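# here are the coordinates; sequence isn't available:
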């Protein structure tokens, strides 16, 4: 059903699909299950496979960015004060300089190879990434380090950034690769997760801008309400479930996450790879 409203054409079926995708994005963003693979899976099941889905998939993460800012506002305000005052408190776990160093590897690869990376959004690549991502999570689950550090060094930040390059492959999960690298480096998981999500803010924003620039010809004025609803749906969903998701991955075993990733991999293989 389509209704003309001013200069917009409202298709209520499409809006329902957008809301569903926004909810899925919100539920999976704070979990190491690969929100991108879920967006591809659900959009296929909903028969929402037009040329704009890649733009929507990236831009909708603005809702996640707003949620991250809300959840970690205290840490973000501390970082902003550091920048303004040009001072560093040695008691803090990480500074803006750690975030910049971490962003260098993934930023360089994403900037110069983002068009090639877009070609990895195919079923076979996602299946392989889901499997490999599950393996590294399993490794991090069974590694036990008695004494964990509560502070990130510059070298550790750079190593985390290098490992995060794997998340450029849809299916790995940015959060999952960070948990893996942080565990290997002996960093407290809560600190690793906070660091990963805060450093994702400039990452998501830059990826969204690049996607819009590359696909500006595909975007119409009538797409704006859809994008806004997707962003709002993601933000509202994360506001509701985000705290529980964070508690799950910070303090509970990741075995249930690994099992879930295996199930998603099987679904991809049998339902979308045929």
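Looks like it arrived, so ask away. Computed from a predicted model, the values in this text were never measured in an experiment.
# Residue 131 is in contact with residue 268, isn't it?
No. Using C-beta atoms under 8 Å as the test, residue 131 is too far from residue 268 to be in contact (10.0 Å). C-betas here are computed from N, CA, C, even on glycine.
# More neighbours: which of the two?
Taking neighbours as other C-beta atoms under 10 Å, residue 131 and residue 268 compare with residue 268 leading, 21 against 15.
# average pLDDT across whichever helix in the chain runs longest?
In the chain, taking DSSP state H as the definition, the longest helix is helix 224-251. The average pLDDT within helix 224-251 is 89.
# so where does the spatially closest residue to residue 58 that is not a sequence neighbour fall, helix or strand?
Leaving out its chain neighbours, the residue that sits closest to residue 58 by C-beta to C-beta, 6 or more residues apart in numbering is residue 211, at 4.4 Å. Take DSSP states H and E as the rule and residue 211 turns out to sit in helix 189-214.
# What are the buried residues along that helix?
189-201, 203-204, 207-208, 211 (16 or more other C-beta atoms under 10 Å).
# Could you tell me the angle between that helix and helix 224-251?
Put simply, helix 189-214 runs at 160 degrees to helix 224-251, going by axes from the mean of the first three to the mean of the last three C-alpha atoms, to 10 degrees.
# What are the contacting residues of stretch 71-81?
For stretch 71-81, the surrounding residues in contact (C-beta atoms under 8 Å, 6 or more residues apart in numbering) are 69, 92, 95, 96, 99, 194, 197, 198, 242, 243, 246.
# So which of these wins on neighbours?
For those, counting by other C-beta under 10 Å, the largest number of neighbours falls to residue 197: 24 neighbours.
# any idea how far it is from residue 203?
With the distance defined as C-beta to C-beta, to the nearest Å, residue 197 ends up 10 Å from residue 203.
# One more: residue 217?
Taking C-beta to C-beta as the measure, residue 217 and residue 203 are separated by 25 Å.
# swap in residue 263?
For residue 263 relative to residue 203 (C-beta to C-beta), the value is 28 Å.
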